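# got a predicted structure here, sequence first:
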Amino acid sequence: MKLAPLALAAATLAGGAHAQNEIIKTVATQAPDATETSPDGSLAVTVKTDDNARPVYSITRRGKLLVAPSRLGFIFTDAPKFERNIQIVSVTHDKADSTWTQPWGEWRQIRDNHREMRVRLRETTALHRIVDVVFHVEDSGVGFRYEFPEQPNFKHANIGDEMTQFALAEDGTAWWKPAFEWNREEYLYEKTPISAVGTAQTVMTVKLADGTHVALHEAALTDYSAMNLARAAGTTFRAALTPGSGAPKVTRDLPFNTPWRTMVIADDAPGLYMSHLELNLNEPNKLGDVSWIKPGKFVGVWWNMIKGEWTWATGPKHGATTANVKKYIDFASANKIPGVLVEGWNVGWDGDWFGNGNAMQFDQPTPDFDANELARYAKGKGVYLIGHNETGGSASHYDQQLDRAFKFAADHDEKVVKTGYVTDAGQIERVDADGSQHREWHEGQWMVNHYLRVVTTAAKYKVAIDSHEPVKDTGLRRTYPNWVAREGGRGQEYNAWIGGKNPPEHEANLVFTQMLGGPMDFTPGVLSLTGSEGSAIQSTVAKQLALYVALYSPVVMAADTPENYAKFPDAFTFIRDVPTDWEDTRVLNGEVGDFVTIARRPRTSRDWFLGSITDENGRTLTVPLDFLDAGRTYTAEIYRDAPNTDFKTEGRHAYAVETKRVRKGDTMTLVLAPGGGQAVRFRAR
């Protein structure tokens, strides 16, 4: 029996969830189109087979085509591709609406309200291979993944690439950075027409001609190769998996699932940031009690090395000495900053370690670094050390030391360890049990598994991980909450060097691109605004303060030196006071690469903090204070650019501090200098 659409809808409403599934299975077998909508009905996903029996999906938003019919499928290195001669054999639907709690994050409570459609695809050829495509549809976007069920004729998958497409229905503007280049993910974002993109890393953010914003990414990347986006033609992109050292880019035994391919969709840039799609597509916490994870700020023996004044290697300019670290511990303790990062403390930094970290020993301090004494001293001052494990790209060498490295960290009260993989892309050193050596990409399947080994081993010792030169963030902090931050982009360190400094638009790009994936360890707060040899950083002091709110990380650095902070005591007050763990977050305005204003409320008080940043253009923004509590008066402590401040002049250091009383319903005018910003603490009375 084939039901007409209205009869089908009536039967679905009358029959409940079980009846709904059975009815849709019956119809799908006879008419192989399958459709699911978001809870509010604004998004609709349709799956069908085309005239060549190839499966395709499309997405409409408010009745308008957003993603044109886009192919689904796989290329295998040892078997025919899975793309043609496909039929839809069943379709099932489900829905859920729940709320879960983050142990730390930008929001305490996350709502997961979605509808789900599972489409079973089967070949009509002799192989009869089966692949399910599961769509998760929220009001703010769509995620889908492939699920390979257990089956008699298909036991093992050697995937050469995916044939997954994203055929954007119209042109517009794209913000993207290139994939497969030597410097991993550390590139500035390009702004081009969508039809001019090359091969892009994700997150790639686009603004279509009609103003709709879409962020393309992936979620829950485990035991698989990371996805990039290769433009095929016009505005159509294809998933391009990161290579491994062998012919297949992914090797898996069935059954298994791929990561989710995600599209966050919104009317504007702030709407992208407010979506929880990425987190909702990850599995719940697998670590159990994670109360030992402590968000917080840290200072560190770091910036002087980045500028070239101190060294990681031992010698007369060695930074990680017992005496230097004690000074930083004293400074952190006096300012109630809980952590002190130390780099270059261990054996292995002498000589050329770039791309060859096989001399690194992660439980052996250098002779001038008394680890036991410093752990004792820090604890007595109410401070903990943050360790640093730089592998130089020698990942297998690090694998062999993981347990003793994190036991050493735990024994010395290190709550967090920062890891590093400094080597060119495609040059990670892998050594197998038989002694054979291979070279891997940072985001290939083997390294994806390595990063997770590090995180899970660290969790056994109650240590959190801040990974640099990492695999990109895909929301796994939900499943493994000790993965607290990562780099994966151009951070503040580029501002230390003579050439190649980050331009003023960079941070406003990050908010609506990379940071849609998760927290970034950007290391803000360089109030001196100078790098090596006095070179100027393209920022104002007020912007450096605002970055603590605009760029989220639960572990965030006060990156400048104690000596420089002493020159800006009132501005440093904001850095000292701003929290790193939030109850609620609101994006008040913003345009990709131009400006953004974010307000956040900490978990420990009724205060609010605001950060507003701009690009090279000065701006005046009007912000309604509707996020404040009704009936409560606040003292707004304002840190703003002074008149005539400009990142291009020595006046970039000029700022003003003022206070005023405000209430919910008031508006605040934010005057941002070129390259500037504004930071505000709303202190609840």
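Perfect, I can see it now. Numbering: from 1, shown residues only.

# what packs against the helix or strand hosting Leu272?
In this assignment (DSSP states H and E), Leu272 forms part of helix 269-273. If contacts are counted by 3 or more CB pairs under 8 Å, 6 or more residues apart in numbering; DSSP states H and E, helix 269-273 sits against strand 204-208, strand 213-219, strand 582-591, strand 595-602. Heads up, the C-betas are built off the backbone N, CA and C, glycines and all.

# can I get these in a markdown table with mean pLDDT?
Below are the helices and strands packed on helix 269-273 laid out as a markdown table (pLDDT from 0 to 100):
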| stretch | mean pLDDT |
| --- | --- |
| strand 204-208 | 99 |
| strand 213-219 | 99 |
| strand 582-591 | 98 |
| strand 595-602 | 98 |
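
# which helix or strand lies directly C-terminal to the helix holding Leu272?
helix 277-280.

# identify the residues contacting that next one?
102, 110, 112, 114, 136, 138, 140-141, 143, 217, 219, 262, 264, 474-475, 477-478, 516-518 (CB atoms under 8 Å, 6 or more residues apart in numbering).

# quick check: mean pLDDT across it?
The average pLDDT within helix 277-280 is 98.

# just stretch 552-572 next, same as before
98.

# pull up the distance across it, start to finish.
18 Å (CA to CA, to the nearest Å).

# for it, buried residues please.
For stretch 552-572, burial by neighbour count (16 or more other CB atoms under 10 Å) applies to 552-562, 564-565, 568, 571-572.

# which one of these is nearest to Thr635?
Ala571 (17.8 Å; CB to CB).

# my read: that closest one touches Ala654, true?
No. Using CB atoms under 8 Å, Ala571 makes no contact with Ala654, being 11.1 Å away.

# can you list residues touching both of those two?
Val541.

# surely Phe154 meets Glu123?
No. Using CB under 8 Å, Phe154 is not in contact with Glu123; the gap is 9.6 Å.

# identify the contacts common to these two.
Arg129, Ile130.

# which residue ranges of the chain form helices?
Along the chain, the segments classed as helices by DSSP state H run 5-30, 269-273, 277-280, 303-306, 322-334, 371-380, 395-399, 402-411, 445-460, 506-511, 541-550, 562-565, 569-577.

# out of those, flag the one nearest Gly348.
Among the helices of the chain, if distance is taken as CB to CB, the winner is helix 395-399, at 9.6 Å.

# just the buried residues of that closest one, please?
Ala395, Ser396, His397, Tyr398.

# can I get that helix in PDB, CA atoms only?
In PDB, the C-alpha atoms belonging to helix 395-399 read as follows (Å, rounded to 0.1, in the frame of the first residue of the first chain):
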ATOM      1  CA  ALA A 395      55.400  10.700  18.200                       C
ATOM      2  CA  SER A 396      56.400   7.000  18.600                       C
ATOM      3  CA  HIS A 397      59.200   8.100  20.900                       C
ATOM      4  CA  TYR A 398      56.600   9.900  23.000                       C
ATOM      5  CA  ASP A 399      54.200   6.900  22.900                       C
END
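
# against Trp446, how distant is Phe166?
26 Å (CB to CB, to the nearest Å).

# swap in Glu106?
On the measure of CB to CB, Glu106 and Trp446 end up 31 Å apart.

# one more: Ile537?
37 Å.

# what's the answer for Asp161, then?
Note on Asp161: its distance to Trp446, by CB to CB, is 17 Å.

# ditto for Tyr273
32 Å.

# what about this protein, any weak spots by pLDDT?
1-32 (pLDDT under 70).

# quick one, domains of it?
1-31, 33-280 (automatic domain parsing).

# among those, which is the most enclosed?
domain 33-280 (a mean of 19; mean count of other CB atoms under 10 Å).

# what's the span of it, first residue to last?
By CA to CA, one end of domain 33-280 lies 27 Å from the other end.

# for stretch 123-142, same thing?
Terminal-residue distance, stretch 123-142 (CA to CA): 26 Å.
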